[in-house]
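[1] take this sequence and fold it.
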Amino acid sequence: MHYNPILPSITEFSKENLDLMRIAQFLNQCRKFVCRHQQHPFDNLCKDDMNFMSKFIKDASAQNGVTKGIALSRDYLLNKDCKIVALGAQLTQTLRKICRQVDSIGVKKIKKQRADNGMARRYRHLSKTLKREKIKKTNQLLQYADVASGTASENFLIRRIVEKRSAQVVNRHYKSSRREIVRYHEKRAKSFNMYNLNFAKYNIEERYLNTHWKVIRNYGNDGIIFKSKRSYNSLEEATSASKDYMAKHPEDCVPMSPYQCRFCGKWHIGHDRLYYDDDTNLQIG
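    Sure, this is the predicted structure:
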């Protein structure tokens, strides 16, 4: 099990944030012990930190996800017979919840950008190769193929092309490594590029409000690149997702609301905007 520290970045020095930072530092110490020694840190637990966690859980005004995660981590640490894999997974999950609550919006964007930058740099040559790849059966570029709405045979063909090109690049760079390492990088390269290739090219006239697509790039007269939106199976899931989005983006002044897609039949979320229909009647969508 590999150890990487998961620490929140405090920008507001409130009592709750400082308490969460102390808990995060203690949980990181426990997680480091578990990852490096593959043992339960029961005999090395600091009594003061454990009492501090218990006091924080008791004094919490509301039992949210962070508080429940801290309580589960404490219970796992006090249980000497707890499985090492379950303990490590719970500590990681709790630390990530603390980071999501404490980190500001700007810090979250920076962390996400840095996390994605490594994958983009590593597979940038493979991504360029796949963008020039052409599907002979459909006579279109691979980057304009939409996996979400394509047929089963087309999706299988796209996945095979991405898998083949990913295996070629990985084997060229890791040919002297063990087979399990090569397979790991093959799967990682395939999944990363399959996500980036989920695009579709359409003219602006073919896109209407409350649509299945969202704009990714605009090439002017050459057309616009759209990406399929995330789909939800029910109105309740979409409503919860729209509330989560507005909570994470308070700077967005346009409210987000769920709607049922006329293209795929599932639910998406989108901004409420004023628009004019064909009869020039003002409507809200």
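[2] does the residue lying closest to Cys35 once chain neighbours are set aside count as helix, strand or coil?
    Computed as CB to CB, 6 or more residues apart in numbering, the closest residue to Cys35 that is not its neighbour in sequence is Tyr3, at 3.7 Å. All C-beta spots, glycine's among them, are computed from the backbone N, C-alpha and C. Secondary structure for Tyr3, judged by DSSP: H, G, I helix; E, B strand; the rest coil, is coil.
[3] for Leu87, same thing?
    Here Leu87 is recorded as helix under three-state DSSP.
[4] so who does it touch?
    By CB atoms under 8 Å, 6 or more residues apart in numbering, the contact set of Leu87 is 34, 40, 76-77.
[5] ok, which stretches of the protein are helices?
    When secondary structure is read from DSSP state H, the chain shows helices at 15-37, 47-59, 65-78, 84-102, 105-122, 124-132, 152-173, 179-196, 235-248.
[6] show me how far the last one is from its chain's centre.
    Taking the mean C-alpha point of helix 235-248 and that of its whole chain, the gap between them comes to 15 Å (CA atoms, centre = their mean, to the nearest Å).
[7] ditto for the second one
    Put simply, helix 47-59 sits 31 Å off its chain's centre (CA atoms, centre = their mean).
[8] how about the shortest one?
    The chain centroid and the centroid of helix 124-132 are separated by 22 Å, computed with CA atoms, centre = their mean.
[9] in it, what's buried?
    When neighbours are counted by 16 or more other CB atoms under 10 Å, the buried residues of helix 124-132 are found to be 126-127, 129-130.
[10] then stretch 184-198?
    Residues of stretch 184-198 classed as buried: 185-186, 189-190, 192-194, 196-198 (neighbour count, 16+ other CB under 10 Å).
[11] among the residues you listed, find me the one that's closest to Glu16.
    Phe192 (36.4 Å; CB to CB).
[12] want to throw the contacts of Leu87 into CSV with neighbour count and pLDDT?
    Written out in CSV, the entries for these read as follows (neighbours: other CB atoms under 10 Å; pLDDT from 0 to 100):
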residue, neighbour count, pLDDT
Val34, 21, 89
His40, 20, 90
Tyr76, 19, 91
Leu77, 23, 92
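[13] nearest to Ser54 among these?
    Looking across those and measuring by CB to CB, the closest to Ser54 is Leu77, at 11.1 Å.
[14] not counting sequence-adjacent ones, nearest residue to Tyr245?
    Nearest non-adjacent residue to Tyr245, counting by CB to CB, 6+ apart: Met256, 5.0 Å away.
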